[in-house]
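Undergrad: 3D, please:
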Amino acid sequence: MSRQSLAKAHQKIQELAWEPQYHEPYMKYGTDYTFRKAQKKDPLKQILRSYFPMEEEKDNRVYGAEDGAIRGNMFRQVEERWLEWQKLFLSIIPLPEISAARSMPMLFHTVPNPELHNGQAIQMIDEVRHSTIQQNLKRLYMNNYIDPAGFNNSLRNFHNDYCGTIGRQFAEGFITGDAITAASIYLTIVAETAFTNTLFVAMPAEAAANGDYLLPTVFHSVQSDESRHISNGYATLLMALSDEGNRQLLERDLRYAWWNNHAVVDAAIGTFIEYGTKDRRKDRESYAEMWRRWIYDDYYRSYLVPLEKYGLTIPHDLIEEAWNRIWNKGYVHEVAQFFATGWLANYWRIDPMTDEDFEWFEYKYPGWYDKYGKWWENYGRLSLPNGHKPIVGEDVDYVYPQRCWVCMVPCLIREDMVTAEIDGVHRTYCSETCRWTDVEAFRPVYQGRETPNMGRLVGHREWETLYHGWDWDKVVEDMGFVRDDGKTMTAQPHLNLDPKKMWTTDHLKRLGPLLSPNVLFNEMTDEQRAAFVADYNRQGPAGRPAPSPATPCATSGRPPADRPGAELTTDPRGTEPWARSTTCGSSRSASRSRWTPTRPSCGLRPSRGSSSCTAARRGSAPPASPSSWTARTSSWTATRPSPYPTSSERRGRRCSAGHTRTRTWSSSS
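TA: Numbering: from 1, shown residues only. So this is what the prediction gives:
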């Protein structure tokens with residue numbers, strides 16, 4: 001069909017739009033935005049006559065590649081470590097796709113643009129297709145991979161999982177709150193325009209490096225549809241900008257949408273790419289490098305910044321802070337450590353890190369071993385059942401974190417945790433922005449303006465709270481993450497499938513009951529809470545307990561190394577005593593002499609328009625963390641000095657610079 005005839009057909013479609021006159025329309029999905037002055041245009045005209053043949057060709061290529069992978073024995077070559085993490089990824093990703101499809105009808109009634117409705121209807125079909133081919137990919141993995149456990153039941157159970165609840169919160173953001181906030185700003189303007197770059201482009205590249213060429217085939221096919229979705233979002237954004245009264249709401253929604261996407265997508269995809277790979281080539285991009293290229297340069301500088309010419313205030317501070325969290329505060333590494341800490345509450349096997357992994361991390365993130373190396377060595381040491389507890393119940397200098405009420409990612413950057421009391425309940429947040437989202441943004445009044453369509457964040461949202469007081473073996477059985485014998489756990493802290501070396505629910509009986517940090521936090525007195533928060537903000541990095549202020553070293557602020565032992569203190573939660581160690585952290589040189597990093601630089605590729613890395617690297621050491629809530633006692637050990645390079649060590653290095661509805665877990669709509 002010629003371009004001229006396509007334009008005529010597209011125009012003819014708009015004539016079919018009509019508004020019923022026999023009743024007053026009921027606005028089920030409302031918005032606080034207004035579109036009185038908006039131009040009604042669709043910049044990317046698409047009609048079904050050209051759409052369906054194009055998608056048919058894409059599907060033929062996808063399913064043909066899947067058939068070729070089976071015939072070519074791909075599953076004998078793919079890395080087990082990589083496919084194990086796909087059990088989590090492929091159980092979560094269909095839900096955001098379906099939520100995105102469900103969000104499009106919300107826009108039909110709120111965006112007065114019949115021309116754009118056609119594009120939104122096609123996007124809805126796109127999202128259903130994406131979910132279908134992704135679930136088919138998961139089915140293919142299940143039928144051909146050596147260990148199908150986890151692929152077979154995660155779709156039914158992931159929303160009750162230790163990590164899956166984070167993905168559920170993210171997906172339900174597309175269909176809750178103000179219709180424009182959810183389906184346009186949160187979904188198309190931020191999630192699809194920015195974060196699908198790392199999700200559907202950077203991550204498939206990593207899959208191919210690990211012998212998996214099916215995931216790149218499927219997700220590149222998905223990404224090829226995103227240009228239409230980006231166009232839908234941009235057209236809606238321009239319509240909203242035409243009305244001056246929308247500016248306040250746009251700036252609110254950009255801040256909320258950006259931060260929630262960063263908190264969830266960077267946590268998940270960063271972990272998959274950095275900790276799910278066996279490809280440790282030094283010239284391979286780290287997630288920080290990918291993020292700088294795909295999101296900071298291609299989205300922030302090329303897409304968001306130009307919007308300032310329309311008078312829109314861009315959240316520059318949040319973009320820079322997201323980068324600061326990834327590069328300076330070790331956000332991705334903290335998340336991976338948290339996922340591995342709770343391996344027993346998951347449905348995939350998490351491989352311990354090796355010396356080759358250590359060397360690569362140290363090469364790409366100088367100082368990584370000082371912060372995380374010892375913990376990962378302990379993870380490997382405790383991976384096989386040998387009379388000890390799972391790592392969450394052992395003393396490995398890790399304090400189990402609080403959950404963030406908004407993004408559901410735990411408060412892993414300990415210095416940034418803040419709290420608020422909402423309706424008599426004390427909530428914890430991973431950052432000031434998440435606190436602002438709950439306390440100010442999702443409220444019926446925003447900065448003096450009525451916003452009745454935003455709804456509120458309510459319900460039992462934290463995974464730990466759902467199972468507070470349960471025994472660990474009963475938790476795993478309730479989630480359904482056991483194998484066919486009814487005892488061997490689906491999750492394992494290693495890749496060995498020898499039945500004698502696999503953990504069972506009987507091993508979990510050694511643990512005490514699961515206690516929710518958020519429940520315990522609300523049981524404290526105001527004085528205990530204040531002391532707890534102050535201690536929590538001093539913890540880290542890598543979840544280490546806060547150093548004791550009573551016996552600081554003269555030079556480093558640590559307790560002196562010549563005073564071993566522990567003094568008995570009182571648990572600020574007011575329940576049981578715990579032991580506070582007064583011994584300094586173990587020496588890096590004593591615990592690791594097997595390898596030496598081969599490059600001192602930070603490993604980041606210079607980005608366009610960037611200068612020295614000094615500003616990007618400068619800052620205080622990352623925060624800290626409360627101990628395993630499953631253990632009866634906790635051993636506290638002082639933190640090491642900041643592993644970040646000093647200004648003199650940086651010299652000579654070169655790198656880059658740099659809702660009508662309420663969101664609730666019980667809702668099925």
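Undergrad: Only C-alpha atoms from now on, for both contacts and neighbour counts.
TA: OK.
Undergrad: quick one: average confidence on the helix ranked longest in the chain?
TA: Criterion DSSP state H: the longest helix present in the chain is helix 114-144. Summarised as a single mean, pLDDT over helix 114-144 is 90.
Undergrad: name the helices or strands packed onto it?
TA: Contacts defined by 3 or more CA pairs under 8 Å, 6 or more residues apart in numbering; DSSP states H and E place helix 114-144 against helix 3-14, helix 48-71, helix 80-92, helix 94-108, helix 214-223, helix 226-241.
Undergrad: Export these as TSV, with columns for mean neighbour count, mean pLDDT and distance to residue 384.
TA: TSV is the format used below for these (neighbours: other CA atoms under 10 Å; pLDDT from 0 to 100; distance: least, CA to CA, whole Å):
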stretch	mean neighbour count	mean pLDDT	distance to residue 384
helix 3-14	13	61	63
helix 48-71	14	88	32
helix 80-92	23	94	17
helix 94-108	22	92	33
helix 214-223	20	92	31
helix 226-241	21	88	44
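Undergrad: Let me know which of those is the nearest to residue 513.
TA: The stretch from the helices and strands packed on helix 114-144 with the least distance to residue 513 (CA to CA) is helix 80-92; that distance is 25.2 Å.
Undergrad: Show me the one of the helices and strands packed on helix 114-144 that comes nearest residue 518.
TA: Closest to residue 518 of these, according to CA to CA: helix 80-92, at 24.5 Å.
Undergrad: Next secondary structure element downstream of the longest helix of the chain?
TA: Downstream of helix 114-144, the next assigned helix or strand under DSSP states H and E is helix 154-157.
Undergrad: sorry, back to before: mind putting the helices and strands packed on helix 114-144 into TSV with distance to residue 188?
TA: What follows is the helices and strands packed on helix 114-144, written out as TSV (distance: least, CA to CA, whole Å):
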stretch	distance to residue 188
helix 3-14	22
helix 48-71	20
helix 80-92	19
helix 94-108	9
helix 214-223	13
helix 226-241	5
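Undergrad: Need the per-residue pLDDT for the residue most central in space within the chain.
TA: Residue closest to the average C-alpha location in the chain (CA atoms, centre = their mean): residue 264, at 2.5 Å. For residue 264, the pLDDT comes out at 96.
Undergrad: Equivalent analysis for residue 244, please.
TA: Model confidence at residue 244, given as pLDDT, is 89.
Undergrad: What distance do you get for it to residue 107?
TA: 20 Å (CA to CA, to the nearest Å).
Undergrad: for residue 299, same thing?
TA: 24 Å.
Undergrad: try residue 503
TA: The spacing between residue 503 and residue 107, counted by CA to CA, is 48 Å.
Undergrad: ditto for residue 309
TA: 26 Å.
Undergrad: what's the answer for residue 161, then?
TA: 31 Å.
Undergrad: Could you look up the SS state of the residue nearest to the centre of the chain?
TA: Under DSSP: H, G, I helix; E, B strand; the rest coil, residue 264 falls in the helix class.
Undergrad: That one: what's it in contact with?
TA: 166, 167, 170, 407, 409 (CA atoms under 8 Å, 6 or more residues apart in numbering).
Undergrad: now these as JSON lines including neighbour count and distance to residue 64?
TA: As requested, the contacts of residue 264 are arranged in JSON lines below (neighbours: other CA atoms under 10 Å; distance: CA to CA, whole Å):
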{"residue": "166", "neighbour count": "28", "distance to residue 64": "33"}
{"residue": "167", "neighbour count": "25", "distance to residue 64": "30"}
{"residue": "170", "neighbour count": "23", "distance to residue 64": "32"}
{"residue": "407", "neighbour count": "26", "distance to residue 64": "38"}
{"residue": "409", "neighbour count": "26", "distance to residue 64": "38"}
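Undergrad: Go through these and name the one nearest residue 433.
TA: residue 407 (10.3 Å).
Undergrad: Quick check: which element contains that closest one?
TA: Remark: residue 407 resides in no helix or strand, with elements defined by DSSP H and E.
Undergrad: I'd say it and residue 433 touch.
TA: No: using CA atoms under 8 Å, residue 407 is not in contact with residue 433; the gap is 10.3 Å.
Undergrad: which SSE is the closest residue to residue 368 other than its chain neighbours in?
TA: Leaving aside its chain neighbours, residue 368 sits nearest to residue 362 (5.3 Å; criterion: CA to CA, 6 or more residues apart in numbering). Here residue 362 sits within helix 355-364, counting by DSSP H and E.
Undergrad: ditto for residue 420
TA: strand 418-422.
Undergrad: Next, the residues that contact that strand from outside, please.
TA: Residues contacting strand 418-422 (CA under 8 Å, 6+ apart): 426, 427, 428, 429, 430, 431, 432, 435, 439, 533.
Undergrad: try it again with 6 Å
TA: By CA atoms under 6 Å, 6 or more residues apart in numbering, the surrounding residues in contact with strand 418-422 are 426, 427, 428, 429.
Undergrad: Stretch 334-345 now?
TA: 162, 271, 392, 491.
Undergrad: List the ones among these that fall in helices.
TA: Counting by DSSP H, the contacts of stretch 334-345 contribute residue 271 to helices.
Undergrad: Would you point out the most distant pair within the contacts of stretch 334-345?
TA: Pairwise distances across those peak at 19.1 Å for 271 and 392 (criterion: CA to CA).
Undergrad: Where does the prediction get shaky in the stretch 351-500 of the chain?
TA: The model of the stretch 351-500 of the chain has no residue with pLDDT under 70.
Undergrad: Would you state the strands of it in chain order?
TA: In the stretch 351-500 of the chain, the segments counted as strands under DSSP state E, counting those that start in this stretch are 418-422, 425-429, 445-446, 449-450.
Undergrad: Return the most buried member of those strands.
TA: Among the strands of the stretch 351-500 of the chain, ranked by average contacts under mean count of other CA atoms under 10 Å, first place goes to strand 425-429 (a mean of 20).
Undergrad: what's that one packed up against?
TA: Helices and strands touching strand 425-429, by 3 or more CA pairs under 6 Å, 6 or more residues apart in numbering; DSSP states H and E, are strand 418-422.
Undergrad: how far away is residue 458 from residue 465?
TA: Residue 458 is 13 Å from residue 465, where distance means CA to CA.
Undergrad: more crowded one of those two?
TA: Looking at residue 458 and residue 465 with other CA atoms under 10 Å, you find the greater number of neighbours at residue 465, namely 17 against 14.
Undergrad: Hmm, the more buried one is touching residue 514, no?
TA: No: counting by CA atoms under 6 Å, residue 465 stays clear of residue 514, with 9.2 Å between them.
Undergrad: picking up where we left off before, reformat the contacts of residue 264 as JSON lines; add distance to residue 341.
TA: Output for those, formatted as JSON lines (distance: CA to CA, whole Å):
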{"residue": "166", "distance to residue 341": "16"}
{"residue": "167", "distance to residue 341": "18"}
{"residue": "170", "distance to residue 341": "22"}
{"residue": "407", "distance to residue 341": "19"}
{"residue": "409", "distance to residue 341": "14"}
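Undergrad: Which two among those are spaced furthest apart?
TA: 170 and 409 (10.4 Å).
Undergrad: ok, which stretches of the stretch 401-550 of the chain are helices?
TA: Using DSSP state H, counting those that start in this stretch, the helices of the stretch 401-550 of the chain run over 432-436, 463-466, 472-479, 517-523, 526-537.
Undergrad: and the fourth one, average pLDDT?
TA: In this model, helix 517-523 has a mean pLDDT of 95.
Undergrad: Return the set of buried residues in stretch 455-471.
TA: Residues of stretch 455-471 classed as buried: 455, 456, 457, 461, 462, 463, 464, 465, 467, 468, 471 (neighbour count, 16 or more other CA atoms under 10 Å).
Undergrad: Would you mind measuring from the fourth one to residue 89?
TA: Right, residue 461. Taking CA to CA as the measure, residue 461 and residue 89 are separated by 20 Å.
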